[in-house]
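A.B. asks: can you look at this prediction? I've put the sequence above it.
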Amino acid sequence: MTTVSTLDAKEHLVFPKHSTDEVALSKTEEFLKQVTQSAKVYSARDFNKELMLWLVQVTSSQLSEIQENNGVLETEKNTQEEPQAA
């Protein structure tokens, strides 16, 4: 893994393949933290406390690595991303 400039990173939504298997979700979340080299992996859960998605800042190479993980169903660029200060 390479060190990444935060200017190159974009916010993405990462959707889990197994939203109710807590063991699998924990493993995938740890993988996301390892790939992003950050503890800032945010999760969103529904009213039943099932994981809906993670929110991560990633570069295109990190995103490719994430998309290959067995615990990830799909990824999507966050269109609600706030602009970064110049």
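C.D. replies: Looks like it came in fine. These figures come from a predicted structure and were not determined experimentally.

A.B. asks: ok, and what's touching the longest helix along the chain?
C.D. replies: If you go by DSSP state H, the chain has its longest helix at helix 22-36. Applying CB atoms under 8 Å, 6 or more residues apart in numbering, the set of residues contacting helix 22-36 from outside is 1, 14, 16-19, 39, 41, 43, 51, 54, 56-58, 62, 65-66, 69, 71-72. (C-beta placed from N, C-alpha, C; glycine too.)

A.B. asks: also stretch 62-73?
C.D. replies: 4, 9, 12, 14-18, 24-25, 27-28, 31-32, 35-36, 56, 58, 74-75.

A.B. asks: one more pass at 7 Å, please.
C.D. replies: 4, 12, 14-18, 24, 27-28, 31-32, 35-36, 58, 75 (CB atoms under 7 Å, 6 or more residues apart in numbering).

A.B. asks: if we can go back for a sec, got a quick ChimeraX command for the buried subset of the contacts of helix 22-36?
C.D. replies: Provided next is the ChimeraX selection string for whichever of the contacts of helix 22-36 are buried by 16 or more other CB atoms under 10 Å:
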select :14,16,19,41,51,54,56,57,58,62,65,66,69,71,72
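
A.B. asks: out of the contacts of helix 22-36, list just those in helices.
C.D. replies: Secondary structure defined by DSSP H assigns Q62, E65, I66 of these to helices.

A.B. asks: what's the spacing between the first one and E22?
C.D. replies: Read it as Q62. 24 Å (CB to CB, to the nearest Å).
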